[in-house]
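S.K.: only the shape, not the letters, is given here:
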């Protein structure tokens with residue numbers, strides 16, 4: 001949902017088609033649920049010592065009167081169904097993502113106790 005990112009993705013898809021490169025479905029994730037967006041925004045304000053009421057900066061808007069913040073609430077861990085809906089126009093992106101999943105191997109760690117003793 002970021003116009004600049006949509007333009008970049010358009011160009012990257014053209015390159016992928018031109019050069020026969022596979023591409024996959026992805027979403028930047030900074031919090032688990034969509035409902036956590038406000039809490040994450042507050043966390044960013046606490047980290048930077050800013051007020052939530054201060055306007056967020058974005059491309060074209062810079063300076064002390066703006067603070068860092070995400071442009072929307074879409075940076076959460078989406079379900080497979082949500083990702084399929086988002087990439088409905090690019091079904092091959094979902095197929096390639098599944099190819100990656102199928103190549104992952106599960107393993108168990110050899111040590112059960114990870115506590116540190118000083």
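M.R.: Happy to help now that I have it. In this text, all values refer to a predicted model and were calculated from it rather than measured experimentally.

S.K.: C-alpha only now, for contacts and for neighbours.
M.R.: Will do.

S.K.: residue nearest the centroid of this protein?
M.R.: The chain has residue 28 as the residue nearest its centroid, 0.6 Å off, counting by CA atoms, centre = their mean.

S.K.: which residue, other than its chain neighbours, is closest to it?
M.R.: residue 75 (5.6 Å; CA to CA, 6 or more residues apart in numbering).

S.K.: what's the burial count for that neighbour?
M.R.: Using other CA atoms under 10 Å, the number of residues around residue 75 comes to 19.

S.K.: so what's it up against?
M.R.: 27, 28, 29, 30, 31, 34, 37 (CA atoms under 8 Å, 6 or more residues apart in numbering).

S.K.: in helices only, show me those.
M.R.: Taking DSSP state H, the ones among the contacts of residue 75 that sit in helices are residue 37.

S.K.: quick one: low-confidence ranges for the chain?
M.R.: The chain contains residues with pLDDT under 70 at 58-62, 112-118.

S.K.: could you look up the SS state of residue 18?
M.R.: Three-state assignment for residue 18 (DSSP: H, G, I helix; E, B strand; the rest coil): helix.

S.K.: what about it, how many neighbours?
M.R.: A count of neighbours around residue 18, defined by other CA under 10 Å, yields 9.

S.K.: ok, residue 67 next?
M.R.: With other CA under 10 Å as criterion, residue 67 counts 22.

S.K.: give me the nearest residue to it, chain neighbours excluded.
M.R.: Nearest non-adjacent residue to residue 67, counting by CA to CA, 6+ apart: residue 56, 4.7 Å away.

S.K.: how near is the one you found to residue 3?
M.R.: Noted for residue 56: a distance of 16 Å to residue 3, by CA to CA, to the nearest Å.

S.K.: more neighbours, the two?
M.R.: Counted by other CA under 10 Å, residue 56 and residue 3 do not tie: residue 56 has more neighbours, with 15 against 8.

S.K.: shouldn't that one be in contact with residue 68?
M.R.: Yes: proximity of residue 56 to residue 68 meets the contact threshold set by CA atoms under 8 Å, at 5.5 Å.

S.K.: cool, thanks, signing off.
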